[in-house]
Structures are given as structure tokens and as C-alpha cells.
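**Q** sequence first, predicted model second:
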Amino acid sequence: MRFLIPITALFLICASCARQDRHADYVLEWKGDGLKVTLKVNTPLDTVRFTYASDNGGQKDQMSWFQDFAVDRGSVSIDSASRTLTIVPRRNQAEFSYVVRCTLPEGYGSPGGCLMDVFRPDIDGDMLFSRTENIFAVPVDDEDMPVTVEWASTPPYPVFCMYNPGKGTDRFQGVAGDIAWSVMAGDPLLTVDTVMVGGRKHYLVTALRKEADLNKKQLKEYFHSFYGTISDFWGDAYSGPYSMLFFPFRNNTWEATGNGFTNGFFSRYDATADTILTINRRDLFTHEIGHKWLNNGPVWFPEGFNEMQTAYQLVASGLDDPSYFASYFNHALSGLFHNPYRNVPDEEAEEKFWEDGDYIWLLYWRGFSYAFHLCGVYEKETGHPNAWKPIMEAVKPFIDDFTAEKFLTAMASLMDKERLQKDYEKYILQGADFDFFPEDMPSGCRIVRNSEGVPRLEITDEAAFAKHFQ
Ligand SMILES: [Zn+2]
């Protein structure tokens, strides 16, 4: 017994030293036409793996913008297919560098429309825009690894880093998870304004070509009224600063597209636009803010249920009236009905998600329809018209680690379990058409079909329908 104590103590001391020793330090250097990243890795391990970029947006050519690779310490082998760097450190340290260089050509088009323009970096003397997974190689399965980011030299224009909000290119210290899914943007016209909501500072980042004062005013007002409402709904309100980044496309006239993260969102839009806050863009921003909460699990949930949340919150926050919910839902119903893949099983649709825009929208609209269906079933069983709230409250405990199994278990406490399982298999897994039986409808509305069979939501009792949002 007496011998065991010092041995155990020794082991514990070593283990904690080893944990403390591991870190990754990134130094960024502006090269005029690209961003040089020097990565110094400290690790007690014999090998450690990092991953570069993702296949989001259906990208397959990420390694083409990963250039001028050089190793100073240790050795690094790269598997281009999985974009994984396997590092064998020398005396617990490795150091290597690479340059991220990618500019979208004039008139660039892609199978996913504007999607690839959003996921690809766009870096040169006039503009810096990149999702951070395209800049930083990040440790595989080690979101807690301590990291620092320093800029040895910066572009000749202001830069905003969503992981370091309000601090520009100042030194950042955090963990790998902070920088793995984020965005950085720079532009000669870039401005950073603060918006106070709930006594906390949030950031409005724009690079406006037109009507700067008017656009900023409208965006601030929108954020102020909407963010307060949705934060109150989730009850976790104003934790940390939230950043909204509105950035013009260089050579794309898409109205807008966006991406939501837990601490902010970005939207890229048609640079020729006079007014940023059109109805379509407002709805897009609302959807992206919604991803702060709904951002995990099979696509039908973070996208489809987030569409339901978008339509619901636009009404609940007073930005629009209940009839707008109906028109928003009808757009989805019509899109779903006319989708060539509308009866494709969930597994196949998830697999082919980035292959074709129709697969993408299929899962948004199928999930939205399913959420609407569940609200009706909940109201039928409990008599409570505002079904969305208890449904979201039931998923809240596992919102960051969402699985279909957990979801079904949580929903089974709100409604008939057998019915729930049967409907999930039918409408989500198998992709059958939604029946929208009259007896399952939320109160104050019904589904009507035109001669082609396209379903449409019709409000039959405005006062009863409005109760769903109160
Ligand atoms: Zn989304």
C-alpha cells in the first residue's frame, strides 16, 4: 500500500503536465494575395492529427487553395482526400506553414448556385472573406486544445474575426473549438458598429456600398427587436456577444445567402442592392440567427425545424402578422410538392444533400412540414394551441447534441408514442407525402388542395390562429 501512493501521485502529475503542454499557436501573415499560416504544435503525443477545410458546400477542391506547404519541425503527411494532416512531432513540437490562396474568378458559377461562393475563401488586396475552417488546420477530435492566433502582418484594410469579436486582428487566446467554425472578413469599407440588446454589446459588421446610414439603421432596428424576443424564448438570453456580418458578393448577383454559427452569422448579398433589409433577406437573417439554437442533428431538424422557428418567431416577435406564417409555410408546401425528390427516403436525401439544390430544399421543407404536423398533433392531444413552445422546451436539454432517438423520446412525453413513431417513420424516414388530416390540423386553419393536388394552408379563424404565437 505504501508504495502505491507515490507511484499514483507521480502518474497524476505527469498526466496533468501533459494536458497542460498541448497547444497550437497560429501566426497569420498577409501576403498580398493570400494568407500565410504558420502553425506551431506542442503535444505530448507521438502523432497528432489536424484537419483542413470541410466538404461543406459540396467542395471537392479545397487542397487547391492550400499552397506553399513547408515543414520546419517534425514531419507531416497529408491525406488530400480527407484533408487530414498527420503530424509526428520532434521533441514534442511540430511547426509547419502553408498559404491559403483563393479568389473567385469573374462570373464564377457552381452546381450549388451561390453556395460554393459562400463556402470558398475569397482573398486578395481588395477583399478577405473566409470561413475559418479554410484558414486554420484544426486538431481532430480535440475541440478543447488551447490555441492562440496572432497576426504578424495584416491586410491593408480592417478585418473582423467572428471568434475575436470587436478586437479585429488583436491576439486571440481560446480553444480549438472557438476558431474551428467561424468566419473572418476584411474590406476597405468594413465597419463595426455595436448594438446593445439586453444590456450586452453585440456587433454589426458591414461593408456597405450604398446607403450606409439607412441600411445600418434598419439592420440595427431589426436585430434589436428580433434578437431580444428569440433569446427570451430560449431563456438563455444574452450570453456573450453575437456578431452579424453582412458582406457583399464580389461578382455574384444572388439576392443573399447565409450561414449561422452559435455566436453569430454572416450573410453575403448582391453588392448592387440599395436596401439590405428586404423581406426575403430579413427572413434569411432570421433563419441564420435561429441556428444559434437549432444547429445540430439530421438536416430535417436544424434546417426544417429552423424554418418553422423562423416563421413562428417572425410572428411572435411582432415583425409580421399570423398570415405571414401561412404564406411562408405555403412557399414550403408548394416547393415540397413540386420537388423531384419529394418521396426520397431521408437517408438518401441526407447523403446527396450537396449534390443538387433540390435535395437541400427537400430536407428544409420536409422538416418544416413535419414540425407543423407535430404542432397539430400536440394541440389535438393537449388542447394547447401554442405547441411550438413546449416542443422546443422538450428538446432544449439536448439541443447541442441532438439525435432523432433523443427527439422521439422527448416527444413521447408530449404525445402518443406509437403514433409518433409511426409518423416519424412515414413522413421523415420514408419520405411519404404529408396527409395533413383535418383532425390533426392546428386550430384556426385547414389545408386545401388545388386541382393538381398542391397543398395550401388557409386560415379559417384569425383569432384562433393567432393563439399559436401567444
Ligand atoms: Zn440553415
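**A** Thanks, I have it.

**Q** CA only for contacts and neighbour counts going forward, please
**A** Fine.

**Q** need the contact list for the residue lying closest to T206 once chain neighbours are set aside.
**A** Distances taken as CA to CA, 6 or more residues apart in numbering put F246 closest to T206, at 5.0 Å, once the chain neighbours are dropped. Contacts for F246 were tallied using CA atoms under 8 Å, 6 or more residues apart in numbering; they are L204, V205, T206, A207, F266, S267, R268, Y269.

**Q** so the last one touches N259, yeah?
**A** No - with the criterion set as CA atoms under 8 Å, Y269 and N259 do not qualify as a contacting pair; they are 12.0 Å apart.

**Q** count the neighbours of K422 for me.
**A** Neighbour count of K422, defined by other CA atoms under 10 Å: 11.

**Q** pretty sure it is in a strand, no?
**A** No - counting by DSSP: H, G, I helix; E, B strand; the rest coil, K422 is not part of a strand but helix.

**Q** let me see the confidence value for it.
**A** K422 is assigned 98 on the pLDDT scale.

**Q** same question, the one 4 residues further on
**A** Reading off the per-residue confidence, K426 sits at a pLDDT of 98.

**Q** so what's the closest residue in space to it that isn't next to it in sequence up against?
**A** Of all residues not flanking K426 in the chain, A432 sits nearest, at 5.7 Å (CA to CA, 6+ apart). Contacts of A432 were listed using CA under 8 Å, 6+ apart, and they are R342, N343, K426.

**Q** CA atoms only: put stretch 125-134 into CSV for me.
**A** Taking C-alpha atoms only, stretch 125-134 is exported to CSV below (Å, rounded to 0.1, in the frame of the first residue of the first chain):
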residue,chain,number,x,y,z
GLY,A,125,-5.9,43.0,-52.0
ASP,A,126,-9.5,44.2,-52.1
MET,A,127,-11.3,41.6,-50.0
LEU,A,128,-10.8,38.9,-47.4
PHE,A,129,-13.6,36.5,-46.8
SER,A,130,-13.2,33.0,-45.5
ARG,A,131,-14.8,30.5,-43.2
THR,A,132,-12.2,29.8,-40.7
GLU,A,133,-12.0,26.0,-41.4
ASN,A,134,-10.5,27.1,-44.7
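
**Q** run the chain-centre distance for it.
**A** Centroid separation between stretch 125-134 and its chain, computed with CA atoms, centre = their mean, to the nearest Å, is 17 Å.

**Q** got a list of contacts for it?
**A** 32-33, 52-54, 62, 100, 119-123, 155-156, 159, 179-188.

**Q** helices of the stretch 101-250 of the chain, start to end?
**A** Using DSSP state H, counting those that start in this stretch, the helices assigned to the stretch 101-250 of the chain run over residues 115-119, 176-180, 212-234.

**Q** in this structure, which helix is the longest?
**A** helix 357-382 (DSSP state H).

**Q** who does the residue nearest in space to the middle of the chain bridge with?
**A** Computing the C-alpha centroid of the chain and ranking residues by CA atoms, centre = their mean puts G260 first, at 3.3 Å. In this entry, G260 is beta-bridged to F265, by DSSP bridges.

**Q** how close does it get to P146?
**A** Taking CA to CA, to the nearest Å as the measure, G260 falls 24 Å from P146.

**Q** swap in W354?
**A** Using CA to CA, W354 is found at 32 Å from P146.

**Q** next: P397.
**A** Taking CA to CA, one finds P397 at 27 Å from P146.

**Q** pLDDT weak spots in the protein?
**A** Where the chain drops to pLDDT under 70, the residues are 1-20, 105-116, 237-238.

**Q** which segments of it make up each domain?
**A** What automatic domain parsing lists as the domains of the chain is 22-188, 189-290, 300-469.

**Q** how far is the shortest one from where the chain is centred?
**A** Averaging C-alpha positions (CA atoms, centre = their mean) puts domain 189-290 14 Å from its chain's average.

**Q** thinking again about what came up before, next SSE downstream of the longest helix of the chain?
**A** Reading on from helix 357-382 to the C-terminus, the next helix or strand found by DSSP states H and E is helix 388-395.

**Q** dump the helix or strand just after that following helix to CSV, restricted to CA.
**A** Next along the chain after helix 388-395, taking DSSP H and E as the criterion, comes helix 404-412. Below are the C-alpha coordinates for helix 404-412, written out as CSV (Å, rounded to 0.1, in the frame of the first residue of the first chain):
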residue,chain,number,x,y,z
ALA,A,404,-33.5,11.6,-33.7
GLU,A,405,-33.7,9.0,-30.9
LYS,A,406,-33.5,11.6,-28.2
PHE,A,407,-36.0,13.7,-30.0
LEU,A,408,-38.5,10.8,-30.2
THR,A,409,-38.0,10.0,-26.5
ALA,A,410,-38.7,13.7,-25.6
MET,A,411,-41.7,14.0,-27.9
ALA,A,412,-43.2,10.8,-26.4
